[in-house]
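In: got a predicted structure here, sequence first:
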Amino acid sequence: MAALCVDAPPDPSGRWSAKDHLAHLAWWRDRTAKLMDGVRTGGELPPSVEDDAQNDLIYRDSRDRPAADIRTEAHMSWDRLTEAVEACSEADLMKPHPYADGRALWESVPGNGHGHLAQHLMFWYLESGDEASAEKAQLWVRDMESPASATDRQRANATYNLACFYGRVGRPRVALPLLRESFEAAPELVEWARKDPDLDPIRTDAEVAALLVG
């Protein structure tokens, strides 16, 4: 995506350019590094934010900035996140996340690292009409997250997220076994799936509907 980050006027329709995606990803990685440093040291934490409102601010503040600056910040954000993780002990990584009940601090890393990147690659490729590349991005992150997951619930989330991609693109036959697998490992996902907009394109499929009714 960095190679596609070039100077161009903002899209009048509001569609994000590669530069917009890169700025967004960099901001969240940088915030995650600050959060980890704050928890590790007992120092100041970045304030809690509402995702959609913050994302609008990031877009507004970065859309007219030079692409070269955004590329530099994106590279630096990876360095800062890596340094923040390496500075933590195992005990630090297991400390409670200050803004996510029931989550450990370390869980903010994949969510704002490779997981976030794959999500935005998926959006970018689908908007560009390249479903095959979007699928590869989702398979890549599932295959990375599943073996690295510490619990059945985390593995179920990785599987469910892949199912949601197939739901989004209207492929119920591929989504169905993934949904079954994720629900078997984490039955609580069913309640969320019943209202998850990613699955709306396949809700009329009889087998998907029966699975969600449970």
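Out: Structure's in. What do you need?

In: quick one: contacts of stretch 47-65?
Out: Stretch 47-65 is contacted from outside by 10, 16, 19-20, 23-24, 27, 70, 99, using Cβ atoms under 8 Å, 6 or more residues apart in numbering. Every residue, glycine included, has its C-beta placed from N, CA and C.

In: residue contacts, residue 179?
Out: By Cβ under 8 Å, 6+ apart, the contact list for residue 179 reads 160, 163, 193, 208, 211.

In: in terms of contact, does residue 10 touch residue 17 like I think?
Out: Yes: here residue 10 reaches residue 17: they are 7.4 Å apart, a contact under Cβ atoms under 8 Å.

In: who are the packing partners of the helix ranked longest in the chain?
Out: In the chain, taking DSSP state H as the definition, the longest helix is helix 18-41. On a contact count with 3 or more Cβ pairs under 8 Å, 6 or more residues apart in numbering; DSSP states H and E, helix 18-41 meets helix 51-62, helix 67-87, helix 90-93, helix 108-112, helix 114-127.

In: make TSV from those and add mean pLDDT, distance to residue 138 and mean neighbour count to it.
Out: Below are the helices and strands packed on helix 18-41 laid out as TSV (pLDDT from 0 to 100; distance: least, Cβ to Cβ, whole Å; neighbours: other Cβ atoms under 10 Å):
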stretch	mean pLDDT	distance to residue 138	mean neighbour count
helix 51-62	93	20	13
helix 67-87	96	21	16
helix 90-93	96	26	12
helix 108-112	89	14	19
helix 114-127	91	6	18
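
In: which of those sits closest to residue 173?
Out: Taking Cβ to Cβ, helix 114-127 is the member of those nearest to residue 173, at 19.1 Å.
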